[in-house]
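Peer 1: just coords:
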Ligand SMILES: Nc1ncnc2c1ncn2[C@@H]1O[C@H](COP(=O)(O)OP(=O)(O)OP(=O)(O)O)[C@@H](O)[C@H]1O
């Protein structure tokens, strides 16, 4: 059975259920609108005034036709026309007021929703972002909310006006001629049922179109953020044609929804006006036989036209609302994702100053996206306050995983991780992360000034503190040499800085954070001798007095460490100092020979 058939065969109560099913996704937005009760009230008041003004016009026309056009009625005609201008002015003012308040409400609701959605996204955990695509999320944040804006703003405005007009017109039609009105209303179910049925289909198609658009946006986002890789690999042409295909698919999906809407609109207009003409014909018979005055029939026809055109407009708005419901579904999908890493109901309060002891106790962990492959297998490790530990191991050994777990980006499968003896799951993640400074291998540089980049997450930091941190991180000299010094805007992802400079900015960030625990992932890329010395000096400074774990790639770093931990396949396989481990002739000795010999050769 097609949707239209099934709708036509259904009972009124199942139709009203369907009606609310289409609108259901919009329900979570209601609280957003209800925050602005005053705006809603003003919009309603304007709406009632405008509808009332419009509805007086047909009565005025009837008065003119039945009483106006006689020789001695010039004064009455003037009065009628004067009154009509007054009505028009009221209508104009009330319509503008309604438009203003309803649009304002739409903009307001969407702005609030965007902010909330972004806040929600920032609270989601690493496991969510392992599978989510940033471009797609951005599309929900922008394109879908824009669709909602049109639903809440213009569509709601048009819909409300037309609902009021329709009800008013129907009441007046009955007041004018109950017989003709009854006949006209008989046509309504024929109009409304297919409309409701089509709403579902429009919503589905529109959601599909938005999904396609989001995929295209995700694809564009990925490629634009890696534009150098794309150009270097000569992948421009293929990227462009893939994007074009994605956009075409989105276009076709949108087209399908539009076609559906177009058909619905045509059908509704046809049925509505045919019924009016039929009713009008019946009325004309009454006028001819003297049962009805010409003015009364004109009045009825005007009300019928008002009612019918409201219904016609409602049908096109209905499609828009159904499309918005599709967008709302996509937004609701995100809002319903609950972060798994949250603070416990009663978190253990953080001490004024952590000592910085870290312990991993029989930790077993596999990533949610790869549950069958353990990234850490029964790993136990205690790092004492102030100790400097270097982590060494082949690629994929689990070194970065150790950092992610300590920062509680994921929860362990079994075992426990503790800071100063407090299980990290008992702490508020904000407190835990405030105790840890992270300097990743490829530090993220934002499209902000140098100073803002150093103070990222510490917006209150003074300029003196920022400069002092930069000095200790050996970054002051190169920052001063930039065109606007600390106020120089860095390109997105810091493309304007060298690898060594980026790393030193990250170290400055860590120094400013002044956290008792430092996690550092050394850059693997070779630095020139000058940068190398500067980074090493900065590291020496930042590690002093804090517990530090460094994923080490340089000989100087392992030599400086109190202890070297060698990881392989998620387990600790060796530990000791450079001297003892080199002498032992195990995995470390092999790795060190490979890595540090090349380093020496490179330096020579
Ligand atoms: N987000 C993730 N989702 C699924 N698997 C992951 C994820 N991150 C890492 N892994 C896997 O977990 C294992 C350990 O990875 P990890 O990044 O900790 O290694 P690593 O020692 O830091 O390696 P490298 O020196 O190359 O950075 C690897 O097998 C890796 O493929």
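Peer 2: In hand now; what should we look at? Every value quoted in this text rests on a predicted model; they were computed, and no experiment measured them.

Peer 1: and the residue nearest the centre of the chain, how far from the ligand?
Peer 2: By Cα atoms, centre = their mean, the mean C-alpha position of the chain lies nearest to residue 141, the distance being 2.8 Å. Distance of residue 141 to the ligand, given as Cβ to the nearest ligand atom, to the nearest Å: 23 Å. C-beta coordinates here come from the backbone N, C-alpha and C atoms, glycine included.

Peer 1: ditto for residue 330
Peer 2: 25 Å.

Peer 1: give the closest residue to that residue in space, chain neighbours not counted.
Peer 2: Spatial nearest neighbour of residue 330, excluding adjacent residues (Cβ to Cβ, 6 or more residues apart in numbering): residue 144 at 5.2 Å.

Peer 1: surely the one you found meets residue 329?
Peer 2: No. Judged on Cβ atoms under 8 Å, residue 144 makes no contact with residue 329 at a distance of 9.2 Å.

Peer 1: who's more crowded, these two?
Peer 2: Higher neighbour count among residue 144 and residue 329: residue 144, with 27 against 18, using other Cβ atoms under 10 Å.

Peer 1: what's near enough to touch residue 361?
Peer 2: Counting by Cβ atoms under 8 Å, 6 or more residues apart in numbering, residue 361 makes contact with 380, 415-418.

Peer 1: the ligand contacts on the stretch 51-200 of the chain?
Peer 2: Neighbours of the ligand within the stretch 51-200 of the chain, by Cβ under 6 Å from any ligand atom: residue 130.

Peer 1: do you have the helices of the stretch 51-200 of the chain handy? List them.
Peer 2: Ranges of helices within the stretch 51-200 of the chain are 74-123, 126-131, 134-139, 145-150, 156-176, 178-185, 188-225, based on DSSP state H, counting those that start in this stretch.

Peer 1: return the distance of the third one from the chain's centre.
Peer 2: Using Cα atoms, centre = their mean, to the nearest Å, the mean C-alpha position of helix 134-139 is found 7 Å from that of the whole chain.

Peer 1: who are the packing partners of that helix?
Peer 2: Applying 3 or more Cβ pairs under 8 Å, 6 or more residues apart in numbering; DSSP states H and E, we find helix 134-139 packed against helix 188-225.

Peer 1: likewise the first one?
Peer 2: Identification of packing neighbours for helix 74-123 by 3+ Cβ pairs under 8 Å, 6+ apart yields helix 30-34, helix 37-63, helix 145-150, helix 156-176, helix 294-335.

Peer 1: select, out of the ones you listed, the one closest to residue 198.
Peer 2: The minimum distance between residue 198 and the helices and strands packed on helix 74-123 falls on helix 294-335, with 7.3 Å, by Cβ to Cβ.

Peer 1: what mean pLDDT does that closest one have?
Peer 2: Averaging pLDDT along helix 294-335 gives 80.

Peer 1: so what does it touch, helix or strand wise?
Peer 2: Secondary structure elements in contact with helix 294-335, counted by 3+ Cβ pairs under 8 Å, 6+ apart, are helix 12-23, helix 37-63, helix 74-123, helix 145-150, helix 156-176, helix 178-185, helix 188-225, helix 236-288.

Peer 1: what is the orientation angle of it with helix 236-288?
Peer 2: 150 degrees (axes from the mean of the first three to the mean of the last three Cα atoms, to 10 degrees).

Peer 1: between helix 294-335 and helix 37-63, how big is the angle?
Peer 2: Using the same axes, to 10 degrees: helix 294-335 against helix 37-63 is 160 degrees.

Peer 1: which helix or strand lies directly C-terminal to helix 294-335?
Peer 2: Remark: after helix 294-335, the chain's next helix or strand is strand 358-366, criterion DSSP states H and E.

Peer 1: next SSE after that next one?
Peer 2: Note on strand 358-366: by DSSP H and E, the next helix or strand toward the C-terminus is strand 374-383.

Peer 1: what's in contact with that next one?
Peer 2: Strand 374-383 is contacted by residues 357-367, 389, 398, 401-402, 405, 412, 415, 547, 549, 565, 569-572 when judged by Cβ under 8 Å, 6+ apart.

Peer 1: cutoff 6 Å now
Peer 2: For strand 374-383, the external contacting residues (Cβ atoms under 6 Å, 6 or more residues apart in numbering) are 358-367, 389, 398, 401, 547, 570-571.

Peer 1: ok, which pair from the residues you listed is furthest apart?
Peer 2: Across those, no pair lies farther apart than 366 and 547, at 26.5 Å, counting by Cβ to Cβ.

Peer 1: before we move on, the earlier item: can you put the helices of the stretch 51-200 of the chain in TSV and add mean pLDDT, mean neighbour count and distance to residue 467?
Peer 2: Listed next are the helices of the stretch 51-200 of the chain as TSV, based on pLDDT from 0 to 100; neighbours: other Cβ atoms under 10 Å; distance: least, Cβ to Cβ, whole Å:
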stretch	mean pLDDT	mean neighbour count	distance to residue 467
helix 74-123	85	16	29
helix 126-131	83	14	33
helix 134-139	78	19	33
helix 145-150	79	20	40
helix 156-176	85	20	53
helix 178-185	83	17	78
helix 188-225	76	20	31
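
Peer 1: mind listing what the closest residue to the ligand within the stretch 401-550 of the chain touches?
Peer 2: With Cβ to the nearest ligand atom, the shortest gap between the stretch 401-550 of the chain and the ligand falls at residue 401, namely 3.3 Å. Listed by Cβ under 6 Å, 6+ apart, the contact partners of residue 401 are 375-376.

Peer 1: that one sits in which helix or strand?
Peer 2: Assessed by DSSP H and E, residue 401 sits inside helix 399-406.

Peer 1: and the angle from that helix to strand 374-383?
Peer 2: 70 degrees.

Peer 1: pLDDT on helix 399-406, on average?
Peer 2: On average, the pLDDT along helix 399-406 is 93.

Peer 1: quick check: next helix or strand after it?
Peer 2: strand 414-419.

Peer 1: list the strands paired with that following strand, with their directions.
Peer 2: Applying DSSP bridges to the sheet, strand 414-419 is found paired with strand 358-366 (antiparallel), strand 422-423 (antiparallel).

Peer 1: nearest to the ligand, out of these?
Peer 2: With Cβ to the nearest ligand atom as the measure, strand 358-366 is the member of those nearest the ligand (7.9 Å).

Peer 1: for the helices of the stretch 51-200 of the chain, give me JSON lines that also has distance to residue 342.
Peer 2: As requested, the helices of the stretch 51-200 of the chain are exported to JSON lines (distance: least, Cβ to Cβ, whole Å):
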{"stretch": "helix 74-123", "distance to residue 342": "8"}
{"stretch": "helix 126-131", "distance to residue 342": "13"}
{"stretch": "helix 134-139", "distance to residue 342": "20"}
{"stretch": "helix 145-150", "distance to residue 342": "25"}
{"stretch": "helix 156-176", "distance to residue 342": "35"}
{"stretch": "helix 178-185", "distance to residue 342": "55"}
{"stretch": "helix 188-225", "distance to residue 342": "27"}
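
Peer 1: who in the protein is up against the ligand?
Peer 2: Applying Cβ under 6 Å from any ligand atom, we find that the chain lies next to the ligand at 130, 367, 369-370, 375, 393, 395-401.

Peer 1: from these, pick the one nearest residue 305.
Peer 2: Closest approach between these and residue 305, by Cβ to Cβ: residue 130, at 58.6 Å.

Peer 1: which one of the residues in the stretch 151-300 of the chain is closest to the ligand?
Peer 2: Counting by Cβ to the nearest ligand atom, the stretch 151-300 of the chain gets nearest the ligand through residue 222, at 16.5 Å.

Peer 1: quick one: contacts for that residue?
Peer 2: Counting by Cβ under 6 Å, 6+ apart, residue 222 makes contact with nothing.
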